[in-house]
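**Student:** next one to model:
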Amino acid sequence: MNVFYITGASSGIGEAIAELLLENTNNMVIGIARSRTIQHDRYQHHYIDLSQPWTDKIFKPNSFNANKVVLINNAGSIGPIKPLNLHEEEEISENYFLNISAPSILCNQFISCFENSKSECIVLNISSGAGKHPIHSWSTYCASKAALDMLSQVLQLEYPKFKIYSIAPGIVDTAMQEEIREADKTDFPEVDRFISYKEDGELASAEIVAQKYVDFLNNCSKHKDVLYSVRDL
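**Tutor:** Modelled structure (predicted):
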């Protein structure tokens, strides 16, 4: 049995990855999100808001017998789409907690739980091109995704037993893109560019991107680096 823990499993890329993994009878999926959309015999769910500290114990030692144990840090938010000085302090804190503190804590707990197991252990962090290229009015999102890339690289140095990856999905047709297109042009001067992505059919579907992530996880031995983009796979 392979065990997959997926944050943000109730929508978008996270839900699409979970659905694909459940097609394989050797896979068990454990979702972590505020709501549940998947009903399946091999699916379990933790109702957790990852923008706030939590107390639930997510990783269980009984997974030690799994052939493969995988943590997919997918949950994230674009945050307020406006210049930083227009953010409320609480908005800044919550966005950073969801995008970088929560994945860091989950990596900490995952590694502590499985570092002595005989299972193949993998961490897949869903990063973003925004972590490599600055975008006006996306300060907390760009900064937190850049931090996620660096966290992944450091963890690979510290824990060579684990396979650590940070993979950007490209531009995907999800609720986040809808939120971006609805931003006020006064706050977000580049909004027309993102509207054109939708109108010109340049957005990839969550299902196609999810399939690339699943294929990657099924062929990890071919991939020696930490940072990748789905577009290059």
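
**Student:** what residue is smack in the middle of the protein?
**Tutor:** Asn74 (1.7 Å; Cα atoms, centre = their mean).

**Student:** so what pLDDT did it get?
**Tutor:** Model confidence at Asn74, given as pLDDT, is 98.

**Student:** that one reaches Tyr5, doesn't it?
**Tutor:** No. Asn74 is not in contact with Tyr5 according to Cβ atoms under 8 Å; the separation is 10.1 Å. Using the backbone N, CA and C atoms, a C-beta is placed for each residue, glycine as well.

**Student:** hmm, back to that, residues in contact with the residue nearest to the centre of the chain?
**Tutor:** By Cβ atoms under 8 Å, 6 or more residues apart in numbering, the contact set of Asn74 is Ile6, Thr7, Gly8, Ala9, Gly12, Ile13, Gly14, Ile17, Ile126.

**Student:** what separation do you get for Ala66 and Gln109?
**Tutor:** 16 Å (Cβ to Cβ, to the nearest Å).

**Student:** same question, Ile100
**Tutor:** 15 Å.

**Student:** and if you look at Ser117?
**Tutor:** 14 Å.

**Student:** ok, residues contacting the helix ranked longest in the chain?
**Tutor:** In the chain, assigned by DSSP state H, the helix with the most residues is helix 139-158. Here helix 139-158 makes contact (Cβ under 8 Å, 6+ apart) with 73, 76-80, 83-84, 87, 92, 95-96, 99-100, 103-104, 107, 111, 123, 125, 127-128, 130-135, 162-166, 226-227.

**Student:** quick one: distance of it to the chain centre.
**Tutor:** 12 Å (Cα atoms, centre = their mean, to the nearest Å).

**Student:** state the next helix or strand along the chain beyond that helix.
**Tutor:** Moving toward the C-terminus from helix 139-158, the next helix or strand (DSSP states H and E) is strand 163-168.

**Student:** mind listing what's buried in the longest helix of the chain?
**Tutor:** 139-149, 151-152, 155-156 (16 or more other Cβ atoms under 10 Å).

**Student:** now it - C-alpha only, CSV.
**Tutor:** These are the backbone C-alpha positions of helix 139-158, laid out as CSV (Å, rounded to 0.1, in the frame of the first residue of the first chain):
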residue,chain,number,x,y,z
SER,A,139,4.0,40.3,-2.4
THR,A,140,3.1,37.7,0.2
TYR,A,141,2.4,35.0,-2.4
CYS,A,142,5.7,35.6,-4.3
ALA,A,143,7.7,35.7,-1.1
SER,A,144,6.1,32.6,0.4
LYS,A,145,6.5,30.5,-2.8
ALA,A,146,10.2,31.6,-3.0
ALA,A,147,10.6,30.5,0.6
LEU,A,148,8.9,27.1,-0.3
ASP,A,149,11.5,26.5,-3.0
MET,A,150,14.4,27.2,-0.6
LEU,A,151,12.8,25.2,2.2
SER,A,152,12.7,22.2,-0.2
GLN,A,153,16.3,22.6,-1.2
VAL,A,154,17.5,22.8,2.4
LEU,A,155,15.4,19.8,3.5
GLN,A,156,17.0,17.7,0.7
LEU,A,157,20.4,18.6,2.1
GLU,A,158,19.4,17.7,5.6
